[in-house]
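A.B. asks: Fold the following and give me the result.
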Amino acid sequence: MRRYAERTAVPVDRTRSEIEKLLERHGARSFVYGTTNGQALLAFEMRERRLRFLVPLPSTNKTGSNENSVKAETRRRYRALLLVLKAKLEAVDSQIVQFDEEFLAHIVIEGNTTVGDRMVPAIPDALKHAGALPPLLGPGAP
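C.D. replies: Model prediction:
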């Protein structure tokens, strides 16, 4: 099975432009793009929240890949980020989820960390202490 956008030829700068236009249509402002520690950074403000997405970038050092395959994988990952953002915004617009629910892990909080930075490492321990998984249809379920 092929990965999403595996053979895309869309340049990264065009995908970034598409991302920015998509987010602007949904009320985002104050965009920041960059790279840091082998990751692409996208940060923006929307609905009085500051959000940050970090996308791991491929490296010739880690994978032994050649420069062309690294560029192709970078293009693919940017296309995947665009898809993720479209899906999240559609889910919010369709009232499937609330904005804060859908973007929770990416909301920047005190100390310039995200909710995900704080919460994800605690999940295994919380599940261990919870014992068995709760039933899918617990109290108050529809």
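A.B. asks: Low-confidence stretches in this structure?
C.D. replies: Scanning the chain for pLDDT under 70 picks out 61-65, 138-142.
A.B. asks: ranges for the helices of it?
C.D. replies: Ranges of helices in the chain, per DSSP state H, are 12-25, 60-63, 67-93, 99-103, 115-119, 123-130.
A.B. asks: Now mean neighbour count too, for those, in JSON lines please.
C.D. replies: Every residue, glycine included, has its C-beta placed from N, CA and C. Converted to JSON lines, these look like this (neighbours: other C-beta atoms under 10 Å):
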{"stretch": "helix 12-25", "mean neighbour count": "15"}
{"stretch": "helix 60-63", "mean neighbour count": "10"}
{"stretch": "helix 67-93", "mean neighbour count": "16"}
{"stretch": "helix 99-103", "mean neighbour count": "15"}
{"stretch": "helix 115-119", "mean neighbour count": "14"}
{"stretch": "helix 123-130", "mean neighbour count": "9"}
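A.B. asks: mind checking how far the closest residue to Tyr4 other than its chain neighbours is from Thr74?
C.D. replies: Distances taken as C-beta to C-beta, 6 or more residues apart in numbering place Ala80 nearest to Tyr4, at 5.5 Å, with adjacent residues excluded. Computed with C-beta to C-beta, to the nearest Å, the distance linking Ala80 and Thr74 is 11 Å.
A.B. asks: Ok, Pro135 next?
C.D. replies: Pro135 is 43 Å from Thr74, where distance means C-beta to C-beta.
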